[in-house]
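**Q** got a predicted model here, sequence first, then my questions.
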Amino acid sequence: QLQLVESGGDLAQPGGSLRLSCALSGFTLDDVAIGWFRQAPGKEREGVSCISSSGTNTNYADSVKGRFTISRDNAKNTVYLQMNSLKPEDTAVYYCAADPRFLGLMCVMQAVYDYWGQGTQVTVSS
């Protein structure tokens with residue numbers, strides 16, 4: 001059974017940084033694509049970033065390009081989302097998602113993944 005556990009959410013000041021982690025069990029990162037999503041109150045869940053199972057293809061929402069970086073550590077079976085230059089509009093619950101159907105260079109930014117973590121709260125406020 002594939003399971004995902006997010007961590008790293010916290011309260012941060014505008015302009016600050018946070019690093020979110022998504023620990024995977026039941027599958028290895030070579031077998032799944034991973035996506036990061038976020039959902040603010042009253043808004044739809046939106047894709048933030050993704051990384052392919054090959055690890056060579058990544059994508060970012062326009063709103064976070066240049067500020068967020070997705071990466072992975074195969075030894076720890078963990079994917080990270082480094083978030084810099086945080087803005088109040090980044091406030092949301094952040095979810096990671098995985099899907100073994102998305103292989104190779106597939107990097108999916110739509111919320112169609114089969115497996116989801118429980119989410120971690122990120123609040124950006126002074």
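**A** Noted; the coordinates are in hand.
**Q** measure residue 34 to residue 123 for me?
**A** Remark: distance between residue 34 and residue 123 (CB to CB, to the nearest Å) = 23 Å. To be clear about C-beta, it is placed using only N, CA and C from the backbone, and glycine gets the same treatment.
**Q** burial measure for residue 102, as a count.
**A** 21 (other CB atoms under 10 Å).
**Q** same check on residue 13?
**A** Neighbours of residue 13 using other CB under 10 Å come to 11.
**Q** ok, which stretches of the chain are strands?
**A** 3-7, 11-12, 18-25, 33-39, 46-51, 58-60, 68-73, 78-83, 92-99, 115-116, 120-124 (DSSP state E).
**Q** check the residue positioned nearest the centre of the chain and give its pLDDT.
**A** Geometric centre of the chain, nearest residue: residue 36, 2.4 Å, by CA atoms, centre = their mean. If you check residue 36, the pLDDT there is 98.
**Q** ditto for residue 1
**A** 88.
**Q** pretty sure it contacts residue 26?
**A** Yes - the criterion here is CB atoms under 8 Å, and residue 1 meets it with residue 26 at 5.1 Å.
**Q** who has more neighbours out of these two?
**A** More crowded of residue 1 and residue 26, by other CB under 10 Å: residue 26, with 14 against 6.
**Q** about what we covered before: settle it for me: which of residue 34 and residue 123 has more neighbours?
**A** residue 34 (29 against 15).
**Q** burial check on residue 65, number of neighbours?
**A** 10.
**Q** please apply the same query to residue 93.
**A** Using other CB under 10 Å, residue 93 has 18 neighbouring residues.
**Q** ok, it - contacts?
**A** Taking CB atoms under 8 Å, 6 or more residues apart in numbering, we find residue 93 in contact with 9, 38, 39, 40, 119, 120, 121, 122.
**Q** count the neighbours of residue 33 for me.
**A** When neighbours are counted by other CB under 10 Å, residue 33 registers 25.
**Q** quick one: the closest residue to it other than its chain neighbours and residue 7, what's the gap?
**A** The spatial neighbour of residue 33 that comes closest, neighbours along the chain excluded (CB to CB, 6 or more residues apart in numbering), is residue 102 at 3.6 Å. The spacing between residue 102 and residue 7, counted by CB to CB, is 23 Å.
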